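**Q** 3D, please:
(one chain, ligands or ions: 1)
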Amino acid sequence: MVEIEHLSYAFGRSWALQDVSFRIDPGDFLFLTGPSGAGKTTLLRMLHGSLPVQRGRARVAGFELNTLKRRHIPKLRRHVSVVFQDFKVLPRRTVFANVAIALEVRGMQREQLRRRVRAVLRSLGLEAKQHRPCGELSGGEQQRVAIARAVVVNPDLLLADEPTGNLDARLSARLLDVFRRFHAHGTTVILATHNRQVLESEPQAKIVCLKEGKMVGDNFLKGQSEAEQGL
Ligand SMILES: Nc1ncnc2c1ncn2[C@@H]1O[C@H](COP(=O)(O)OP(=O)(O)OP(=O)(O)O)[C@@H](O)[C@H]1O
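**A** All right, here's what the predicted structure looks like:
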């Protein structure tokens, strides 16, 4: 599903990612972890086609990112959804409209669209808020709208950047359940987090740890303390 080899990315002269290589198979659940500034967001943005490959090679959901033309990026995004740290919901549009957009642009028939959106809103506990403008929701609720919008298209690969960042422990656990449910239905998940509780919540998950843009380890880190991992 994702194969990256010697991937590096620089903002100007400063390397945000350096020589990162790993692969995950369809159906895997991967945590991307590491301290603030480690390069997690940069890597997710590359996998979603919002930053170009500068060095190395990346293959995502069957797309060779090195040679992918800009005009073909929407095709990649039919298979790869992302939940950004800052949600990017449309504040004046309703919850329903924010989630429906992703299906409207795919030309889905109205009744099928309505059923699909309602089912996803229900699974995220947002059904009662579907007619409210997103700008009137709490941060945690907006986060769930962003997740609903990402999963409503049934992506092959779901990328999430610190999705539990704004939530208390109870809501984080509920949200992780949502990711687990989609994963159980076959979606491959990459979730960036530096929250240790989140990392421990999914014992079967693979882990890639970044620090200052470099890969400092993978699954073997599971048994180590946060200090040992540099978190
Ligand atoms: N648009 C940008 N312009 C310049 N430098 C950037 C930009 N975005 C990120 N960087 C730099 O790239 C490095 C990696 O940042 P990135 O956001 O990928 O880290 P992160 O692991 O996601 O951090 P956090 O956990 O705080 O979100 C940092 O040094 C950051 O300052």
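
**Q** who in the protein is up against the ligand?
**A** By the rule C-beta under 6 Å from any ligand atom, the part of the chain lying against the ligand is 11, 16, 34, 36-42, 194. Any C-beta I mention is one placed from the backbone N, CA and C, and that applies to glycine too.

**Q** go with 8 Å
**A** Contact residues (C-beta under 8 Å from any ligand atom) of the chain with the ligand: 11-12, 14, 16-17, 34-45, 85, 161-162, 192, 194, 210, 212-213.

**Q** just checking, which of the residues you listed belong to helices?
**A** Taking DSSP state H as the definition of helices, the residues of the chain next to the ligand contribute 40-45.

**Q** want to throw these into TSV with pLDDT?
**A** Formatted as TSV, these follow (pLDDT from 0 to 100):
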residue	pLDDT
Lys40	95
Thr41	95
Thr42	97
Leu43	97
Leu44	97
Arg45	96
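
**Q** ranges for the helices of this structure?
**A** Using DSSP H, helices in the chain cover 40-47, 73-76, 95-104, 110-123, 139-151, 169-184, 196-200, 226-229.

**Q** Surely Thr33 is in contact with Val208?
**A** Yes - the pair Thr33 / Val208 is scored as a contact, 7.3 Å apart, by C-beta atoms under 8 Å.

**Q** What is the burial count for the nearest residue to Pro26 once chain neighbours are set aside?
**A** Closest residue to Pro26 apart from its sequence neighbours, by C-beta to C-beta, 6 or more residues apart in numbering: Met1 at 4.7 Å. A count of neighbours around Met1, defined by other C-beta atoms under 10 Å, yields 20.

**Q** Let me see the contact set for Met1.
**A** 24-28, 60-61, 156-157, 188 (C-beta atoms under 8 Å, 6 or more residues apart in numbering).

**Q** Filter those residues down to the buried ones.
**A** Buried subset of these (neighbour count, 16 or more other C-beta atoms under 10 Å): 24, 28, 60-61, 156-157, 188.

**Q** Of those residues, which is the nearest to the ligand?
**A** Val60 (17.1 Å; C-beta to the nearest ligand atom).

**Q** Now, of the residues of the chain next to the ligand, which are buried?
**A** By 16+ other C-beta under 10 Å, the residues of the chain next to the ligand give 16-17, 34, 38-45, 85, 161-162, 192, 194, 210, 213 as buried.

**Q** Return the subset of the residues of the chain next to the ligand lying in strands.
**A** Cross-referencing the residues of the chain next to the ligand against strands under DSSP state E gives 11, 14, 16-17, 161, 192, 210.

**Q** give me the low-pLDDT residue ranges for this protein?
**A** Confidence mapping of the chain against pLDDT under 70 gives the ranges 166, 218-231.
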